[in-house]
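# generate coordinates for the sequence data below:
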Amino acid sequence: MGKMALLFVVTTVVVGGVLLLQADSSRLAADDRQAVRQEETLAREIARSAYDRIVSRTRELETLHPDWSVGELIAAVNGEAGRLTGQLKGGSYEAWLYAIGGEGGASYGVVAIGRYGRATHRVGSNKVLRSTLEVKDRPSRVHVAFLESMAGYCSAIYLQRYVPREDGTYEAQEPELVFAPQNRHGDGGTPSERLYETVLNPGERANFILAVDKDCSLRGRTDVPAREWVGNQRYFDYLRPALVESVEDLRQMQEGDYVMIQPHPVRPNTWRLAFEDLQISPVEKLWDVKRYGYGDMRWRIRTGPEWGERNGRYSYGGQGWHEVDNYGYYRLRDYYREPGGRALVPDFSDQVIEVTFIPVEDGA
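Residues are numbered from 1 along each chain as shown. Prediction:
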């Protein structure tokens, strides 16, 4: 009995020690998870604060310098170091702007990264210059011309007026048809063009919507609203707005996923809107082309320090927008699939329009 009692005591001590060790390990693991969550929360707060700072600075400079290009705005906001850095809430941050569609484009992206301990958090968005598709000093009529129209799908073009409110936000009006659905806008190589008689007032914006009719069942119709469905009636397969309202800031507009907007490098109040009419997935493919250009158009992971932010991430491998076409805009290419025919690729050359605001003469 003495040996059995001793064995029982030893066993109890060992089991108790194991249970205590497990409890300590569980507590330490729980504490570590809690610490990680706290670090992630702080990193997220730092990133958001840095994002708000750089957006506020950008908005201030846009207001002071409404005629600045994307390149000029980026240089002023990012400074000589190319990005803003600092310490905040016991952690660190970096934030910067970058050009979308080249520095001659109308859009820019905003990135902010917050770091705390082991945690890193990144936030970002895209925006367009406040003067994009906006009437400045004098009421204007709108001239719209097709530069390219070689799509297989039929598409219509609608104009949607955005009227500013007193609080700085915009009120969207009902879209108005400019061009009826077609897949070849133009005749004999001469592009379709139209002086749209709607007069836009100073401060108003003109949004343009590509409405895609895949089977061309709406070809030539002028009685179709800019809708996918009205009740049980099907109209367009999908809509591609040039501008979309920012969810986080109703005073700011963003460039739509399926369009690339570029101001004319010389002529004032003139923009090219290059639409992609295919369904591309994921949308990161669209933004990769808009930011970096075409590259080899193979959607694959890029490896090596020479890829910078793209190192270890998917990209088409573009190196920027450099070639210029006969109109003075960045040259577009026509793609349908990746080399080898594996997947659809974005080219933004399906339906391409040029928009010009023409000031109305006094008394006209």
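
# drop to CA atoms for contacts and neighbour counts, all remaining ones
OK.

# can you give me the helices in the chain?
For the chain, applying DSSP state H gives helices covering 2-64, 70-78, 284-292.

# which stretch in those is the model least sure about?
Lowest mean pLDDT of those: helix 2-64, a mean of 75.

# G320 - how many residues pack around it?
Applying other CA atoms under 10 Å, we find 18 residues neighbouring G320.

# test my guess that it contacts R331.
No. Counting by CA atoms under 8 Å, G320 does not reach R331; the two are 11.6 Å apart.

# in contact with R165, which residues?
Applying CA atoms under 8 Å, 6 or more residues apart in numbering to R165 gives the contacts E171.

# separation between it and P175?
Distance, R165 to P175, by CA to CA, to the nearest Å: 18 Å.

# G186 too?
22 Å.

# cool, P265 as well?
28 Å.

# between those two, which is the more surrounded one?
Set side by side, P265 and P175 show more neighbours around P175, with 19 against 15, by other CA under 10 Å.

# count of neighbours near the residue nearest to the more buried one when sequence neighbours are not counted?
Excluding the flanking residues, the one nearest P175 by CA to CA, 6 or more residues apart in numbering is Q160, at 4.3 Å. Applying other CA under 10 Å, we find 20 residues neighbouring Q160.

# give me the number of residues near S217?
Neighbours around S217, by other CA under 10 Å: 13.

# over to R122?
R122, neighbours per other CA under 10 Å, totals 18.

# quick one: contacts for it?
R44, A47, V111, A112, I113, G114 are the contacts of R122 under CA under 8 Å, 6+ apart.

# pull the most distant pair out of the residues you listed.
The span of those, defined through CA to CA, is set by R44 and V111 at 12.9 Å.

# and the end-to-end length of stretch 133-141?
12 Å.

# now that stretch: average pLDDT?
Averaging pLDDT along stretch 133-141 gives 93.

# shift numbering so it begins at 104
All right, first residue 104 from here; so that's stretch 236-244.

# where's it relative to the chain centroid, distance-wise?
Here stretch 236-244 is found 25 Å from its chain centre; the criterion is CA atoms, centre = their mean, to the nearest Å.

# can you list the buried residues in that stretch?
Going by neighbour count (16 or more other CA atoms under 10 Å), the buried part of stretch 236-244 is L236, E237, V238, K239, R241, P242, S243, R244.
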